[in-house]
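>>> After the sequence you'll find the predicted model.
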Amino acid sequence: MSSLTTLIKARVSANNFDSAHVMSPSEISDLITVAGEAPTSFNQQNWRAIAVNSAEGKAKLMGLAYGQPKVGDAAVTFIMVGKSTGYKDLPQMFASTVAAGTMPQETLDGMVGMAEGVYGSNPAMQRDEAVRSASFAGMTLMLAAQDKGLASGPMIGFDPAGVAAAFGLTADEVPVMLISCGNAAPGNWPRKARRPVAEVVSFA
């Protein structure tokens, strides 16, 4: 197996974290840098992460996550946020590419028109894309953490409206998931069995 396959097969979703472990801002930023390599439709990059690592922030988030201890114990819990109107940012996202001559302006104009056609009048598709992008980034972040010897635990057990209000999300932002990250403490479940390949693939 490649090192990547080994990494993926070794990852578990942790619930128990070393509460004494602290991650520096640069260590947290390193994880986000890798997460930024995740794909997004039209390269919208329509997601962001809120790194909750202060005692005050942890207490606030823990209250909105139904008291889950890992939010308080982990070195950091990321709020993965998707943006439903990311397609509107495409001109800004590609401005430097056009300026460098790598992409003609007419190509960008065509992309912007296609994105507007896909998302502009389709709120359901906008939300789906926000969730998709933040999810890709979240999985990439967890693999980056695994690569650094850190444990991670994703969760959907939180109050979305409460998190949005408490952490200043805008009307076009969706709190997709929380990901606690840090050094593991004893007591985590071993890796759980996966369904056989024959049950999850078909050929057409």
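Right, received. Where do you want to start? Not measured: the values here are computed from a predicted model. Numbering: from 1, shown residues only.
>>> average model confidence for the helix of greatest length in the chain?
Counting residues, the longest helix found in the chain (DSSP state H) is helix 123-147. Averaged across helix 123-147, the pLDDT comes to 98.
>>> Point out the other elements, helices or strands, that the helix or strand just after that helix touches.
Moving toward the C-terminus from helix 123-147, the next helix or strand (DSSP states H and E) is strand 151-155. Here strand 151-155 touches helix 123-147, strand 173-182, going by 3 or more Cβ pairs under 8 Å, 6 or more residues apart in numbering; DSSP states H and E. No exception for glycine: its C-beta is placed from N, CA and C like everyone else's.
>>> which of these is buried the deepest?
Ranked by mean neighbour count, the helices and strands packed on strand 151-155 are led by strand 173-182 with a mean of 24 (mean count of other Cβ atoms under 10 Å).
>>> how big is the angle separating that one from helix 123-147?
10 degrees (axes from the mean of the first three to the mean of the last three Cα atoms, to 10 degrees).
>>> when you compare where strand 173-182 runs with where strand 151-155 runs, what's the angle?
Going by the same axes, to 10 degrees, strand 173-182 makes 150 degrees with strand 151-155.
>>> the helices in this structure, which residues?
Counting by DSSP H, the helices of the chain are 3-10, 25-35, 55-64, 69-73, 90-93, 95-99, 105-119, 123-147, 160-166, 197-200.
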